[in-house]
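Engineer: Okay, here's the prediction I keep looking at, along with the sequence it came from:
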Amino acid sequence: MELNSYAKILIQTFKKVGEDAKHSPSNINPIVSELASWYERFRNSIEYREEEMILRASIERILKRKLMLGDKSKVGEELVKELLWAQHIQEEQTDAKTIENVTRSIKLYLELKSKVPKTIHNINTNSFITNILSSDIENILSPSQERETIENFIFHILKKNIVIEDGTDEDRNVQLFIAIKKAYSKNDHALIEYNLFKQYFGELSEENIESITQNFKEGIKTIKGQLNHKLRFKILNYVKRQIPPFLILEDILRQDPQSLTLIEKDPEEFQKFIETTCSTRYQSVATKVRRAIIRSIIFIALSKVLFAFSVEATYDNIIHGQIFWIPLLINIFGPILLMIIVSLLIRIPGQKNTAEIFKRIQILITDKDPKIGKKLLIKEHDENSTSTLHTFFSILSYGGFFLSVGFIVLLLMRFNFTIASQGIFIFFLSIVSFLAYRINQTAQTYTVKERQHLFTPFIDLFFMPIARLGRHLTESISQINIFLFILDFLIETPYKGLVSFFEQWFFFLHSKRDGLG
């Protein structure tokens with residue numbers, strides 16, 4: 001077997017990145033770093049996010065605080081310093097040129113914000129620009145040429161598989177681009193907006209800022225139209241099922257780009273290498289799942305205790321003249337126990353999955369015109385969506401949701417749950433269901449074929465509507481979480497000021513020691 005042209009390009013890309021990598025010892029005081037990183041771990045544990053999105057979210061949070069409270073001319077330098085303290089980035093990523101680029105990006109996007117209306121098509125442009133600014137800074141601090149190369153590879157392979165009968169190639173390409181960013185690179189909503197912004201306008205610069213300002217309204221409309229495209233979920237779900245071999249291929253390339261040539265010299269050794277890599281990745285997913293479960297439990301526990309005592313206990317005391325301790329305790333510990341039970345049911349892939357990944361990687365790196373996965377033929381204007389049968393299925397889906405909730409309410413009434421207690425139980429049950437679903441999706445990161453079980457239709461009918469409700473509630477909580485606002489602006493500011501004081505103090509002591517000769 002011979003490597004195809006795509007494999008050779010991948011080898012060269014990853015080889016060059018490895019040669020260019022720089023490593024240098026840290027000059028950050030370990031005590032300062034520990035103080036800052038401890039706070040970041042605590043802060044991230046109470047706001048549920050994918051691990052891949054923590055850097056961008058941290059940039060956004062620090063940006064908002066600095067722009068509201070600090071000197072705008074120093075925001076770039078101070079932002080990079082805080083990210084270094086928290087170990088979100090390494091010092092080799094932050095030379096003077098990088099800090100200059102971060103400062104320039106902040107200046108340009110703030111100028112753009114001042115030139116466009118605050119609201120366009122019911123969209124808050126301040127929030128939109130903050131999203132793309134934080135994403136641009138992440139791209140400056142943590143660029144990934146090799147990941148973009150694989151994204152382009154995936155796009156080239158899967159583009160031939162997707163056909164929208166009554167749609168345009170442009171819509172197909174944009175939706176595939178978005179799906180790859182989500183499924184492969186784990187981009188959140190802000191990063192997707194940023195990537196679409198760059199596709200539509202190009203890189204923001206002094207030369208094109210006026211042109212972008214003039215076309216901003218139309219650009220926002222186009223970007224939001226693609227983000228809300230009616231076929232986005234079908235294409236995303238299709239792409240997710242094709243991603244596992246690309247993830248393993250990336251892992252192999254990061255270990256040693258030249259290892260791909262083993263398929264020419266010793267195919268059996270190459271297969272063993274893939275099996276070892278898969279086994280390692282499966283274990284890393286298991287570790288990631290456990291970490292996600294712990295973070296979810298902390299997230300639930302912190303919000304649950306505060307919510308239960310501030311709302312449920314207060315309601316019971318005012319309306320009924322007493323606190324019903326059994327329902328209160330069930331409401332506090334029930335969701336946590338449920339999350340633990342769900343964690344025990346999650347399984348990682350096995351040998352059959354590894355064999356399928358090897359087969360697909362072999363196709364990807366040796367076939368002249370590689371093809372994996374089945375074709376996806378879809379219609380943008382589906383006549384079935386307005387049919388009587390589709391209406392019946394929609395009613396059945398809503399019926400499943402109300403039956404599930406009704407059964408839970410009847411069960412809670414038998415345990416003397418008040419109306420407030422019932423509402424809080426369902427509120428957190430839906431959030432736990434959503435988090436459990438997300439964690440299960442993480443566990444299936446390397447699973448090629450979705451497994452169907454006897455109870456899958458019943459789970460889809462009765463469980464998924466509750467999980468969807470949990471997704472909406474989780475997103476709403478993150479937007480109106482008063483506790484996080486207090487933490488970010490009233491606690492984080494003095495805490496980071498204290499960390500800065502310690503850094504300067506330790507630097508002063510170190511300089512005195514150097515003065516001894």
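Structural biologist: Structure received.
Engineer: and the closest residue in space to residue 230 that isn't next to it in sequence, what does it touch?
Structural biologist: If the residues on either side of it in the chain are set aside, residue 230 comes closest to residue 380, at 6.8 Å by CB to CB, 6 or more residues apart in numbering. All C-beta atoms are positioned from the backbone trio N, CA, C, and that covers glycine. Residues in contact with residue 380 (CB atoms under 8 Å, 6 or more residues apart in numbering) are 164, 165, 166, 167, 171, 230, 231.
Engineer: Need the buried ones from the residues you listed selected in ChimeraX.
Structural biologist: Buried residues among those (16 or more other CB atoms under 10 Å), as a ChimeraX selection:
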select :164,167,171,231
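Engineer: Format the contacts of residue 380 as TSV; extra columns: pLDDT, secondary structure and distance to residue 11.
Structural biologist: Formatted as TSV, the contacts of residue 380 follow (pLDDT from 0 to 100; DSSP: H, G, I helix; E, B strand; the rest coil; distance: CB to CB, whole Å):
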residue	pLDDT	secondary structure	distance to residue 11
164	88	strand	34
165	85	coil	38
166	79	coil	41
167	79	coil	36
171	91	helix	34
230	89	coil	40
231	91	coil	35
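Engineer: Now the two most distant members of the contacts of residue 380.
Structural biologist: Pairwise distances across the contacts of residue 380 (CB to CB) peak at 13.7 Å, for the pair 165 and 230.
Engineer: still on that earlier bit, can you tell me which of the contacts of residue 380 lies nearest to residue 314?
Structural biologist: residue 230 (43.6 Å).
Engineer: distance of the closest one from residue 221?
Structural biologist: Separation of residue 230 from residue 221 (CB to CB, to the nearest Å) stands at 16 Å.
Engineer: ok, now residue 79?
Structural biologist: On the measure of CB to CB, residue 79 and residue 221 end up 31 Å apart.
Engineer: more neighbours, these two?
Structural biologist: The neighbour comparison of residue 79 against residue 221 (other CB atoms under 10 Å) goes to residue 79, with 25 against 13.
Engineer: on that earlier part again, and the residue nearest to residue 230, helix, strand or coil?
Structural biologist: Classification of residue 380 using DSSP: H, G, I helix; E, B strand; the rest coil returns coil.
Engineer: what's the pLDDT at it?
Structural biologist: On the pLDDT scale, residue 380 is placed at 73.
Engineer: Now do it against residue 374, distance only.
Structural biologist: The gap separating residue 380 from residue 374 is 20 Å, by CB to CB.
Engineer: ok, which stretches of the stretch 1-150 of the chain are strands?
Structural biologist: Under the criterion DSSP state E, counting those that start in this stretch, strands of the stretch 1-150 of the chain are mapped to 119-120, 123-124.
Engineer: Sheet partners, orientation included, of the last one?
Structural biologist: It stands for strand 123-124. As defined by DSSP bridges, the strand partners of strand 123-124 come to strand 119-120 (antiparallel).
Engineer: From the chain's centroid, how far away is the partner strand?
Structural biologist: 26 Å (CA atoms, centre = their mean, to the nearest Å).
Engineer: which outside residues touch that strand?
Structural biologist: Strand 119-120 has contacts (CB under 8 Å, 6+ apart) with 125, 216, 217, 220, 221.
Engineer: Separate out the buried members of those residues.
Structural biologist: 125, 216, 220.
Engineer: these two touch, right, the second one and residue 123?
Structural biologist: The one in question is residue 216. No. Taking contacts as CB atoms under 8 Å, residue 216 lies outside contact range of residue 123: 10.8 Å.
Engineer: so can I have CSV of the strands of the stretch 1-150 of the chain showing mean pLDDT?
Structural biologist: Shown next, in CSV, are those (pLDDT from 0 to 100):
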stretch, mean pLDDT
strand 119-120, 86
strand 123-124, 86
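Engineer: Ok, which of those comes nearest residue 11?
Structural biologist: strand 123-124 (43.0 Å).
Engineer: And for the closest one, what's in contact with it?
Structural biologist: Contacts for strand 123-124 (CB under 8 Å, 6+ apart): 118, 220, 224.
Engineer: Break this protein into its domains for me.
Structural biologist: What automatic domain parsing lists as the domains of the chain is 49-146+158-242, 272-480.
Engineer: Looking at the ones you listed, spot the one closest to residue 255.
Structural biologist: domain 272-480 (7.3 Å).
Engineer: quick check, distance from that closest one to the centre of its chain.
Structural biologist: 16 Å.
Engineer: Then stretch 266-283?
Structural biologist: 27 Å.
Engineer: Need the residues that contact it.
Structural biologist: Applying CB under 8 Å, 6+ apart, the external contacts of stretch 266-283 come out as 1, 247-248, 251-252, 255, 259-260, 262-263, 348-349, 353-354, 357-358, 361, 446.
Engineer: Can you give me the buried ones in that stretch?
Structural biologist: For stretch 266-283, by 16+ other CB under 10 Å, it's 270, 271, 273, 274, 277, 278, 281, 282.
Engineer: Please apply the same query to stretch 187-201.
Structural biologist: Within stretch 187-201, the residues that qualify as buried are 187, 188, 190, 191, 192, 193, 194, 195, 196, 197, 200, 201, counting by 16+ other CB under 10 Å.
Engineer: for the residues you listed, which one is nearest residue 413?
Structural biologist: Checking those one by one against residue 413 (CB to CB), the nearest turns out to be residue 188, at 39.5 Å.
Engineer: Let me see the contact set for the closest residue to that closest one other than its chain neighbours.
Structural biologist: Closest residue to residue 188 apart from its sequence neighbours, by CB to CB, 6+ apart: residue 53 at 4.6 Å. With contact taken as CB under 8 Å, 6+ apart, residue 53 is in contact with 186, 187, 188, 191.
Engineer: which SS state does the second one fall under?
Structural biologist: This points to residue 187. Here residue 187 is recorded as coil under three-state DSSP.
Engineer: in which helix or strand would I find the residue nearest to it when sequence neighbours are not counted?
Structural biologist: What sits nearest to residue 187 in space, not counting adjacent residues and going by CB to CB, 6+ apart, is residue 181, at 4.2 Å. Element membership for residue 181, per DSSP states H and E: helix 169-183.
Engineer: Counting by contacts, list what that helix packs against.
Structural biologist: On a contact count with 3 or more CB pairs under 8 Å, 6 or more residues apart in numbering; DSSP states H and E, helix 169-183 meets helix 145-159, strand 162-164, helix 189-201, helix 209-227, helix 232-242.
Engineer: which residues touch residue 348?
Structural biologist: Each residue near residue 348 by CB under 8 Å, 6+ apart is listed here: 282, 283, 285, 286, 289, 443, 446.
Engineer: Helices of the stretch 251-400 of the chain, residue ranges please.
Structural biologist: 262-265, 267-307, 313-315, 325-345, 351-366, 388-414 (DSSP state H, counting those that start in this stretch).
Engineer: ok, back up a step: for the strands of the stretch 1-150 of the chain, give me JSON lines that also has distance to residue 413 and mean neighbour count.
Structural biologist: Formatted as JSON lines, these follow (distance: least, CB to CB, whole Å; neighbours: other CB atoms under 10 Å):
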{"stretch": "strand 119-120", "distance to residue 413": "45", "mean neighbour count": "14"}
{"stretch": "strand 123-124", "distance to residue 413": "42", "mean neighbour count": "14"}
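Engineer: could I get these as a markdown table with distance to residue 294?
Structural biologist: Listed next are the strands of the stretch 1-150 of the chain as a markdown table, based on distance: least, CB to CB, whole Å:
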| stretch | distance to residue 294 |
| --- | --- |
| strand 119-120 | 40 |
| strand 123-124 | 34 |
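Engineer: so which of those comes closest to residue 132?
Structural biologist: It's strand 123-124; of the strands of the stretch 1-150 of the chain, that one is closest to residue 132 (CB to CB) at 12.5 Å.
Engineer: on that earlier part again, got the angle between the helix holding residue 181 and helix 145-159?
Structural biologist: 130 degrees (axes from the mean of the first three to the mean of the last three CA atoms, to 10 degrees).
Engineer: just how off-centre is helix 169-183 within its chain?
Structural biologist: Helix 169-183 sits 17 Å away from the centroid of its parent chain (CA atoms, centre = their mean).
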